[in-house]
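Peer 1: predicted structure and sequence below. I'll ask about it afterward.
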Amino acid sequence: MITITVFQKIGVGLSGFGMFFVLFEILLYFENVFLCYQILFLSGLAFIIGLRRTAHFFFQRQKLRSSAFFLGGVALVLLRWPLIGMLVETYGFVLLFKSFFPMAFGFLATALNIPFLTFTMLNKLSGSSSSMV
C-alpha cells in the first residue's frame, strides 16, 4: 500500500482549491478576484511530487515550448488578461500533460461503474486495445 505524506495531502488540497477557483472564475465571467488559482495549482503540484521533480518536469528540453505557454498564460492572467491568459495556459496544459491523458482515461475505465458511460468509449480514449464490454 502506498503511504501518503502530510505534504502530499496538503498538495492535493491546494491543487483541489486551484481547480475549484478555475471553475468559480469561469462562472463569474473572469472576475479578477480569483486569479490565485494558478499559484495554488503550481504549489500543490510542488507539494505532491516535490520541488526538484516539479522543476525537472517543467524544464525538460522536449517540454520547454509547452512550459513556456503554460507559464506565459499564468503570467498573462496575473497581469490582468484573464481570458487570453487562460486560453494560452490551457493550450500549454494540454501540451504538458498529453502523455497522462491515456492513463487517466484508462483509470476511469476501471474505477468508474457508471451505467451510461460505456467501457468501449473509455478504452478508445485511453488507447487500450482490449475489447472489454
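Peer 2: All right, it came through fine.
Peer 1: only the buried residues of stretch 56-75, if you could.
Peer 2: Phe58, Lys63, Ser66, Ser67, Phe69, Phe70, Leu71, Gly73, Val74 (16 or more other CB atoms under 10 Å). Any C-beta I mention is one placed from the backbone N, CA and C, and that applies to glycine too.
Peer 1: relative to Leu14, which of those is nearest.
Peer 2: Within the buried residues of stretch 56-75, the smallest distance to Leu14 is 15.0 Å, found for Val74 (CB to CB).
Peer 1: SS state for the closest residue to the closest one other than its chain neighbours?
Peer 2: In this structure, Val74 finds its nearest non-sequential neighbour in Gln38, 4.3 Å apart by CB to CB, 6 or more residues apart in numbering. Following DSSP: H, G, I helix; E, B strand; the rest coil, Gln38 is assigned to helix.
Peer 1: any figure for the gap between Gln38 and Phe17?
Peer 2: 12 Å (CB to CB, to the nearest Å).
Peer 1: likewise for Ile49?
Peer 2: Taken as CB to CB, the span from Ile49 to Phe17 is 17 Å.
Peer 1: then Thr54?
Peer 2: Distance from Thr54 to Phe17, by CB to CB: 17 Å.
Peer 1: same check on Thr5?
Peer 2: 19 Å.
Peer 1: okay, the two: which has more neighbours?
Peer 2: Looking at Thr5 and Phe17 with other CB atoms under 10 Å, you find the greater number of neighbours at Phe17, namely 16 against 10.
Peer 1: quick one: contacts for that one?
Peer 2: Tyr37, Leu40, Gly44 (CB atoms under 8 Å, 6 or more residues apart in numbering).
Peer 1: residues in contact with the nearest residue to the second one once chain neighbours are set aside?
Peer 2: Take Leu40 and drop its neighbours on the chain: the residue closest to it by CB to CB, 6+ apart is Gly18, 3.5 Å away. When contacts are counted by CB under 8 Å, 6+ apart, Gly18 touches Tyr37, Gln38, Ile39, Leu40, Phe41, Leu42, Gly44.
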